[in-house]
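Engineer: Below is the sequence, then the predicted model.
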Amino acid sequence: MFNLITPKISIKKLFSCFLFFILIIAGIYLCYFNNYGYDWDTYAMINTFYNVLENKSYFRSRGYGYLVPEIGIGFLSFYLGSFVVNLFCFFLLICGIYFFYIFLIREKKNYNKILLFFILCLSNIWIIGEATIPMDYSWSFFFFTLGAFLYSKNKTELSILFFSLTLGSRLNFIIYIIPIIFLNDKSIEKKLAILFCTIFFGLLFFVPTWLLNGFSLDFIYSKTWFNHFRPDPIFSIISISKFIYKIFISINFYAFLFLIFLLFKYKNFFNNKNFKLATLLIILNLFLFFIFPWIPAHLWIFIFSFYFILVQLLSYKMILLLIFFNLSTWIIQLQPIKILYINHDCFDEFIGYEIKPQFTSGFIKEIEKRKVWSKCYPLSWPEFRNLNKFSFELENGKRLYK
């Protein structure tokens with residue numbers, strides 16, 4: 001007689017694995033379905049790459065330039081097509097979530113909690129939705145988390161490399177890199193040297209923009225572009241309302257009410273030494289978002305950090321309830337405010353709002369509308385004239401290279 005010893009797999013673990021598998025499959029499907037995305041920025045980055053390839057000249061896609069994703073996303077789109085570039089961005093998100101968690105954790109790793117953290121993050125529509133289109137959020141987040149992980153393991157040279165790539169993807173990540181460098185046991189001289197090297201090599205990615213700008217630094221900050229992107233005064237009612245409202249929808253309104261309750265119950269978690277860095281990242285992200293309250297995807301650092309804290313504090317059932325709240329927004333969403341727009345084909349012009357709670361269609365329904373929006377970008381914007389001859393490929397998710 002042989003005694004067959006079978007490992008015990010709990011129902012909790014099986015259910016968690018099932019949810020994780022379903023969300024991964026959903027992400028892969030979205031990578032296929034989303035084409036080249038539904039955001040102006042995507043086509044601007046592809047257009048920048050195409051212009052370098054065709055006309056041997058560089059112009060930034062927007063803002064101060066995002067050279068790393070402009071080249072990376074442009075290359076993958078041009079030669080391999082939308083599904084591959086979307087899948088690559090989604091892969092960067094998955095890796096970034098893992099490195100983020102293991103960097104922040106101060107105790108022995110609990111792989112059940114890591115799995116719950118993955119599910120909680122991927123069930124959020126502002127994470128999986130923006131990570132399955134060709135955008136730079138996944139790129140900058142991955143480089144940042146990998147750099148932070150390597151820095152915690154004293155791989156200084158490699159951490160400088162990936163921190164520099166982070167700045168080349170999104171310059172505003174410097175606000176998160178600085179505390180990570182200084183909240184370390186290294187000497188102050190070494191910390192300053194690491195920060196100097198990171199900034200020096202990171203700023204090299206902006207030399208093309210600097211040269212095109214006639215050696216002026218207006219591309220980093222000027223009153224003209226600041227007022228363009230911040231039409232309302234920072235401390236105005238409309239700006240504060242946008243800030244609070246977008247935090248609501250970034251973690252969904254149902255979960256926000258639930259989290260208010262949790263904050264009262266666990267009000268001392270800010271003083272917990274294991275959560276100090278995550279709390280600092282939350283504060284820095286909210287500060288940056290208060291100045292520039294753009295789309296909720298810019299709250300990724302806040303969302304990930306907050307979810308990390310919750311996974312450590314709450315029971316399995318509580319986390320499942322939060323996941324349920326997230327998944328419910330895939331079908332239906334509760335909007336506490338009705339936003340009033342004038343539709344202009346490719347974009348909606350904000351004209352006001354009403355305090356009128358209502359249920360609206362969820363993420364699944366919205367992605368169908370977003371695919372329609374994407375068709376108008378390459379054809380109607382003069383900035384994308386380089387892409388006009390590839391309009392059919394862009395609309396159908398094919399590679400641009402012929």
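Structural biologist: Received the coordinates, thanks.

Engineer: Next one: residue 358 from residue 253, what distance?
Structural biologist: Using Cβ to Cβ, to the nearest Å, one obtains 11 Å as the distance from residue 358 to residue 253. The way it works is simple: take the backbone N, C-alpha and C, and place the C-beta from them, glycine included.

Engineer: Between the two, which has more neighbouring residues?
Structural biologist: Using other Cβ atoms under 10 Å, the more surrounded residue of residue 358 and residue 253 is residue 253, with 18 against 11.

Engineer: out of everything not next to it in sequence, what's closest to that one?
Structural biologist: Ranked by Cβ to Cβ, 6 or more residues apart in numbering and with sequence neighbours excluded, the top spatial neighbour of residue 253 is residue 334, at 4.8 Å.

Engineer: quick one: contacts for that neighbour?
Structural biologist: Residue 334 is in contact with 253, 254, 357, 358, 359, 360, counting by Cβ atoms under 8 Å, 6 or more residues apart in numbering.

Engineer: repeat for residue 220
Structural biologist: With contacts taken as Cβ under 8 Å, 6+ apart, residue 220 has the following neighbours: 64, 171, 206.

Engineer: so the closest residue to the first one other than its chain neighbours, which of the three states?
Structural biologist: Of all residues not flanking residue 64 in the chain, residue 219 sits nearest, at 4.8 Å (Cβ to Cβ, 6+ apart). Each residue gets one of three states, and residue 219 gets coil by DSSP: H, G, I helix; E, B strand; the rest coil.

Engineer: May I see the contacts of residue 334 organised as CSV, with secondary structure added?
Structural biologist: Supplementary listing: the contacts of residue 334 in CSV, determined by three-state DSSP:
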residue, secondary structure
253, helix
254, helix
357, coil
358, strand
359, strand
360, strand
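
Engineer: Residue 47: which of those is nearest?
Structural biologist: Nearest to residue 47 out of the contacts of residue 334 is residue 360 (Cβ to Cβ; 32.4 Å).

Engineer: these two touch, right, that closest one and residue 338?
Structural biologist: No: the criterion here is Cβ atoms under 8 Å, and residue 360 misses it with residue 338 at 9.0 Å.

Engineer: ok so, going back, for residue 36, state which of the contacts of residue 220 is nearest.
Structural biologist: Comparing these against residue 36 with Cβ to Cβ places residue 64 closest, at 22.9 Å.

Engineer: did I read that right, the closest one in a helix?
Structural biologist: No: remark: residue 64 does not belong to a helix; assigned using three-state DSSP, it is coil.

Engineer: Where does pLDDT dip in this protein?
Structural biologist: Screening the chain residue by residue with the criterion pLDDT under 70, one finds the ranges 1-9, 106-108, 221-231, 262-263, 265-273, 344-350, 352, 370-383, 402.

Engineer: what ranges do the strands span in it?
Structural biologist: 332-335, 338-344, 347-354, 358-361 (DSSP state E).

Engineer: Of the ones you listed, which stretch is the most buried?
Structural biologist: When neighbours are counted by mean count of other Cβ atoms under 10 Å, the highest per-stretch mean among the strands of the chain falls to strand 332-335, a mean of 16.

Engineer: Centre of the chain to it, how far?
Structural biologist: 22 Å (Cα atoms, centre = their mean, to the nearest Å).

Engineer: partners of it in the sheet?
Structural biologist: strand 358-361 (antiparallel) (DSSP bridges).

Engineer: Show residues contacting the partner strand.
Structural biologist: Counting by Cβ under 8 Å, 6+ apart, residues outside strand 358-361 touching it are 332, 333, 334, 335, 338.

Engineer: If anything else comes up later, I'll come back, but that's it for now.
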